[in-house]
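J.: I'll drop the sequence and a predicted model, then ask my questions.
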Amino acid sequence: MQLLKGNEPVPKNFRNAVVAIGNFDGLHRGHQELLRVAQGEAVRRRVPWGIVTFEPHPRSFFRPDEPVFRLTPAPLKARLAAALGASFVLNLTFGKHLAALEPEAFVERYLIDHLAVAHVVTGYDFHFGRGRKGNPSILKAMGKKSGFTVTIVDQVSDEGDGHSPFSSSSIRSSLRRGHMAAAARELGYHWTVLGEVVHGDQRGRSIGFPTANIIVDPGTEPFRGIYAVRVRDGEVSGSASWSGAGYFGDRPTFETTRIFLEVHILDFDADIYGRTLAVEFIDFIRPDRKFNSVEDLQRQMHDDCAKARSILEALRKHNPHTSYPLGLAQEEGLIHG
């Protein structure tokens, strides 16, 4: 798969392609249906297909003081798109210029002149252009005039009554409450953080639980506490997974002032500083809390690791590939189960 930028020429083989357009934060099961439609149309036409999306998230431009809880920052979104079979991802820089474009100008500049699209697939609620005035109906009208066709995908949910449509907002809400199974049901995979291991203050090692410290984007804040996690080397395709206990929080026992993502990998002792890890959040174990002593914290961490081991062993026994209704193609080394 190839990453494209809006200010660079598009390779000839990606012109006259089928594109799916949207923010696609999370690439959840609703998005996956939209991409499935795009792929099917591309197969029918015998052309490539790709994704047109926006970086940074538009809300970061309109509300710069309110960090967005990104489910899939750009590197992870691109890898998931590749796992789904996309030939390319075009990241359009969302800033003052793009926000000011009238809907018709946006279509002409990017979809017609830049990509020369053959077919566009979008969701029923996609809005674009200045003041969010652009909508699927305008897209269809411009396509009819300019020679491309459009498919609009209705909202997607589980079959049966009482199920809300899959949505990024709903997934964020589940993660903020520690409801990992609910988030995974909508995502079609376990929520994953992809990040580089950096040097910390060695506090975990000093108490017998060395951790991999991973920097996350501002705004990334699921429920604070301990999780059962699976860890993979994010740089090596086909790498085996390791079991672990993950922590999101501000270390109240040590009175720190920022949010940490720390992962203690079970039965593991290797130098992974500078490596990129993919951390899958499988289940919530307990909330964060302050301990009266380091010894109390150590005892609790022994219990946390035992619970994480038990949860992950049970997952392996029950076949992780059928744990959730996966719409997402599984990429070895990134998403598994």
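T.: Happy to help now that I have it.
J.: State the pLDDT value of the most centrally placed residue in the chain.
T.: Nearest residue to the geometric centre of the chain (C-alpha atoms, centre = their mean): T72, 2.4 Å. pLDDT recorded at T72 is 95.
J.: go on, A270?
T.: Note on A270: pLDDT of 84.
J.: mind listing what the top strand by length along the chain pairs with, with the direction of each?
T.: Scanning the chain for the strand with the most residues, using DSSP state E, yields strand 276-287. Note on strand 276-287: by DSSP bridges, its sheet partners are strand 192-198 (antiparallel), strand 225-233 (antiparallel).
J.: Moving C-terminal from it, which element do we reach first?
T.: helix 294-317 (DSSP states H and E).
J.: Buried residues, that following helix. List them.
T.: Residues 297, 301, 304-305, 307-309, 311-312, 315 are the ones in helix 294-317 that count as buried (16 or more other C-beta atoms under 10 Å). All C-beta atoms are positioned from the backbone trio N, CA, C, and that covers glycine.
J.: Which SSE is immediately downstream of the least confident helix or strand in the chain by mean pLDDT?
T.: Between all helices and strands in the chain, the lowest mean by mean pLDDT, DSSP states H and E belongs to helix 203-206, at a mean of 54. Toward the C-terminal end, the helix or strand that comes next after helix 203-206 (DSSP H and E) is strand 212-214.
J.: what does that following strand contact?
T.: By C-beta atoms under 8 Å, 6 or more residues apart in numbering, the list of residues contacting strand 212-214 from outside reads 193, 195-200, 231, 260-265, 272, 277, 279.
J.: Listing partners with orientation, what would you give for it?
T.: If you go by DSSP bridges, strand 212-214 pairs up with strand 192-198 (antiparallel), strand 260-265 (antiparallel).
J.: And the average pLDDT for the longest one is what?
T.: Averaging pLDDT along strand 192-198 yields 92.
J.: just checking, S174 touches L187?
T.: No: counting by C-beta atoms under 8 Å, S174 stays clear of L187, with 9.4 Å between them.
J.: hang on, the earlier thing: the longest strand of the chain vs helix 294-317, what angle?
T.: Put simply, strand 276-287 runs at 110 degrees to helix 294-317, going by axes from the mean of the first three to the mean of the last three C-alpha atoms, to 10 degrees.
J.: Need the mean per-residue confidence for strand 276-287.
T.: In this model, strand 276-287 has a mean pLDDT of 95.
J.: For that strand, list the C-alpha coordinates in CSV.
T.: Taking C-alpha atoms only, strand 276-287 is exported to CSV below (Å, rounded to 0.1, in the frame of the first residue of the first chain):
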residue,chain,number,x,y,z
THR,A,276,7.5,0.3,18.0
LEU,A,277,5.0,-1.9,19.8
ALA,A,278,1.4,-2.7,19.0
VAL,A,279,-0.5,-3.1,22.3
GLU,A,280,-4.0,-4.7,22.1
PHE,A,281,-6.3,-3.9,25.0
ILE,A,282,-8.2,-7.1,25.7
ASP,A,283,-9.9,-6.6,29.0
PHE,A,284,-10.1,-4.2,32.0
ILE,A,285,-8.8,-5.5,35.3
ARG,A,286,-9.2,-2.8,37.9
PRO,A,287,-9.3,1.0,38.3
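J.: Check which residues of it are buried.
T.: Buried residues in strand 276-287, counted by 16+ other C-beta under 10 Å: 276-285.
J.: Repeat that for stretch 56-67.
T.: Residues of stretch 56-67 classed as buried: 56-60 (neighbour count, 16+ other C-beta under 10 Å).
J.: Start and end of that stretch, how far apart?
T.: Using C-alpha to C-alpha, to the nearest Å, the end-to-end distance of stretch 56-67 comes to 11 Å.
J.: Quick one: mean pLDDT for it?
T.: Stretch 56-67 comes out with an average pLDDT of 90.
J.: Do I have it right that D25 meets H57?
T.: Yes: assessed by C-beta under 8 Å, D25 is found in contact with H57 at 6.5 Å.
J.: Spit out the residues that contact those two alike.
T.: Common contacts of D25 and H57, defined by C-beta under 8 Å, 6+ apart, comprise R70.
J.: Just the mean pLDDT for stretch 227-239, thanks.
T.: Average pLDDT, stretch 227-239: 84.
J.: in it, what counts as buried?
T.: For stretch 227-239, burial by neighbour count (16+ other C-beta under 10 Å) applies to 227-234, 239.
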